[in-house]
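Enquirer: Output the structure for:
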Amino acid sequence: MRRTMSAVLIAFACGCGGATSATETTSAARVVDTTPHDPCDGADLSLGEAAEHCRVAGDASAPPASDVIEVAIATRTLRSGADGVVDVALRNLSDAPVVLDFPGTLNFDASLMQGERRVDERWEISGIAGGSVQCRPGADCRTVRVRLAPGGRLVASLPMSGRVSVLRDGPRAGTIERSDGGPIPPGVYEVQVVLPWMDEVAGSTTGARRARVVRGAIDVTR
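Expert: Now for the predicted structure:
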């Protein structure tokens, strides 16, 4: 997502009675900011664009405190039965630039919830399924790093389906198959997104960490 930033300066001259001369005619001048867009540094950034241009070597640094970066669900509607997108907005609340690092796999786990029940997936699996998010062979999974200006916003656009995905045991042990479980009924739900950021658990003596989670209301419409 790239937006053209421009500032418009309009000057007015008033002719008060009598003939209007050329110098008294209202005039306007446009001043355009020609500063090149930097997908890695600014006040209006897209994580999708940053993933293409802003990768650096080395591990991701610790995430900023929650009182420095506000995270919120920006999308308010999703169409039943259709593929859509949910935007997660990260805003810099401080008066200084903040460097944000994201693990290269960019795993934002988004789900649609009704209370504590997940409604966009239904599991019909006999055993316990688990796994870790790993870099796909040949993919660039270096850290994504951006510098977000004071008051600036970075948006992560996540795919979200308005249909139920059914997970079942696959034909071979340890495999899983997905099938379509039909459209999610219209109604009021919550989007829950598990961010790829881990925070220390307050009071833990073992160094335990947990993922940062954000939730926000959404209407599934017809």
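
Enquirer: Which stretches in the protein count as helices?
Expert: Ranges of helices in the chain, per DSSP state H, are 47-53.

Enquirer: Gln192 and Ala211 touch, don't they?
Expert: No. Counting by CB atoms under 8 Å, Gln192 stays clear of Ala211, with 11.0 Å between them. All C-beta atoms are positioned from the backbone trio N, CA, C, and that covers glycine.

Enquirer: average pLDDT for stretch 107-125?
Expert: Mean per-residue pLDDT for stretch 107-125: 95.

Enquirer: Would you mark the buried spots in stretch 213-222?
Expert: 214, 216, 218, 220 (16 or more other CB atoms under 10 Å).

Enquirer: ugh, wrong one, stretch 144-157
Expert: By 16+ other CB under 10 Å, the buried positions in stretch 144-157 come out as 144-149, 152-157.

Enquirer: Switch these over to TSV; also include distance to Val164 and pLDDT.
Expert: Shown next, in TSV, are the buried residues of stretch 144-157 (distance: CB to CB, whole Å; pLDDT from 0 to 100):
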residue	distance to Val164	pLDDT
Val144	31	98
Arg145	36	98
Val146	34	98
Arg147	40	98
Leu148	36	98
Ala149	40	98
Gly152	37	98
Arg153	32	98
Leu154	30	98
Val155	27	98
Ala156	24	98
Ser157	22	98
